[in-house]
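Colleague: 3D, please:
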Amino acid sequence: MKTLIALLITASISSASDLLGPIWEQQGNHTGDAKPLSWKIEYLDAWGRTVVSGTGGLFYHDRCCGGYQTTDPSWLYPQQYWGTYPMYYIGTTMHYRITLCNDTNRTYKNLRVIAIQEYFNPAGHAGEMIGNDAAEDWLVPELLSGQCVSLDGVFAIPNDGEGGLDQTHLQVQHWDKGRGQTGRGAVILDETKAAIWCPPDKYGISQEQIRMAGGSAANATTGSVKITGGSRGFIQPAAGEPAAIAVTTVTPGFVTVRIFDRAGSLVRDLSGYAGGGKPEVFRWNGTDSAGNPVAPGIYMVTVDGPGVQAKERIAVVR
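Modeller: Below you'll find the model as predicted:
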């Protein structure tokens, strides 16, 4: 397979109800293609793993607590869904990647690829969307025979989300021969359970569970921030020496970690989840949000999370 590097148009969809139509066999389009497209979905930067079995859910909190385990016996799902899934905490951001390949001998023009994050529906159908921003779509102008394209998506899991398995609903629409890019295209792929992920509960694990795992959150009253990296405390991106921003929060929760230049402009947002009671390391390699190297100089790091609030200076040298 050849990897396609193409200009992709990305749009945010507030409601996906008007996008979903019959699967392509029912709609009667492209009936000559037994298998028009192949695909896979990868979930990136997961916080841990969830193992679902006949005894319920077993959660491995890998990033915050070194694989510490918690369980929930109420997680009862049909046996065909027993397995291991990536785990994300509610209130954090999930990054994922869709790879779509054209396995036919034809060329597709104007493919619209849609990913919708839904609550799991064991019956195999579409589920309820997780919040108002659960859908994301891309326009692939052309996909030649034997080519693949990779699409990166981001989903901010809402704070009012619910624990349990969730599904990524993948649909691909086609505007035949480039005759238009509005309205509904011919649906050539509709997979309600293209991939499955989960959040265990609202904020991951409790303060008491961290104490049992060997953390110190139960005894902590204030958090801390420590920045290291590079020689003399500077960071040297060219030498492969990123900054390590170690944040210790009092309790588990979301931590805002942002980097500003001397003019007060936001350079990079590294925000994420911290387990509490032990350092969570956020790394900065000296680039801005577009991946471009920043100029040498002094930058301000601001941290705001459960029991910790700090401003620290950091130097970039070239």
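Colleague: which parts of the stretch 201-318 of the chain are strands?
Modeller: Secondary structure of the stretch 201-318 of the chain (DSSP state E, counting those that start in this stretch): strands at 224-228, 243-248, 253-260, 266-269, 272-274, 280-284, 297-305, 308-316.
Colleague: with just CA atoms, put the fourth one into CSV.
Modeller: The reference is to strand 266-269. Extracted C-alpha coordinates of strand 266-269, given in CSV (Å, rounded to 0.1, in the frame of the first residue of the first chain):
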residue,chain,number,x,y,z
LEU,A,266,0.3,31.2,24.4
VAL,A,267,3.0,29.0,22.9
ARG,A,268,2.0,25.5,23.9
ASP,A,269,-0.7,23.8,25.9
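Colleague: and it, what does it pack onto?
Modeller: strand 253-260 (3 or more C-beta pairs under 8 Å, 6 or more residues apart in numbering; DSSP states H and E). C-beta coordinates here come from the backbone N, C-alpha and C atoms, glycine included.
Colleague: just checking: what are the partner strands of the strand it packs on?
Modeller: strand 266-269 (antiparallel), strand 272-274 (antiparallel), strand 297-305 (antiparallel) (DSSP bridges).
Colleague: quick revisit: and the strands of the stretch 201-318 of the chain: which comes nearest G83?
Modeller: When these are compared by C-beta to C-beta, strand 272-274 sits nearest G83, at 23.6 Å.
Colleague: gap between the two ends of stretch 242-255?
Modeller: One end of stretch 242-255 to the other measures 20 Å (C-alpha to C-alpha, to the nearest Å).
Colleague: low-confidence ranges in the stretch 201-318 of the chain?
Modeller: 201-223, 228-241, 276, 318 (pLDDT under 70).
Colleague: that older thread, need the strands of the stretch 201-318 of the chain in TSV (columns: mean neighbour count and distance to R106).
Modeller: Putting those into TSV (neighbours: other C-beta atoms under 10 Å; distance: least, C-beta to C-beta, whole Å) gives the following:
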stretch	mean neighbour count	distance to R106
strand 224-228	16	54
strand 243-248	22	49
strand 253-260	19	46
strand 266-269	16	42
strand 272-274	23	43
strand 280-284	18	44
strand 297-305	18	51
strand 308-316	16	50
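Colleague: of all those, which lies closest to A115?
Modeller: Across those, closest to A115 is strand 272-274 (C-beta to C-beta), at 21.4 Å.
Colleague: nearest to T256, of the strands paired with strand 253-260?
Modeller: strand 297-305 (4.5 Å).
Colleague: and the angle for the closest one with strand 224-228?
Modeller: 150 degrees (axes from the mean of the first three to the mean of the last three C-alpha atoms, to 10 degrees).
Colleague: for T302, which residues are in contact?
Modeller: T256, V257, R258, I259, F260, A310, K311 (C-beta atoms under 8 Å, 6 or more residues apart in numbering).
Colleague: I misspoke; the intended subject was L270.
Modeller: I245, V257, R258, I259, F282, R283, W284.
Colleague: in the sheet, who's paired with E191?
Modeller: Going by DSSP bridges, E191 forms beta bridges with L170.
Colleague: and it, how far from W39?
Modeller: E191 sits 8 Å away from W39, going by C-beta to C-beta, to the nearest Å.
Colleague: need the residues touching each of those two.
Modeller: Contacts common to E191 and W39, judged by C-beta under 8 Å, 6+ apart, are L170.
Colleague: so Q147 touches T99, yeah?
Modeller: No. Q147 lies out of contact with T99 (C-beta atoms under 8 Å); the separation is 11.1 Å.
Colleague: higher neighbour count, those two?
Modeller: Each of Q147 and T99 has its neighbours counted (other C-beta atoms under 10 Å); Q147 has more, 19 against 15.
Colleague: for the more buried one, list each beta-bridge partner.
Modeller: So, taking DSSP bridges as the rule, Q147 has K2 as bridge partners.
Colleague: which residues does Y96 contact?
Modeller: So Y96 contacts I41, E42, Y43, L44, A115, D152, G153, V154, F155, T168, A195 (C-beta under 8 Å, 6+ apart).
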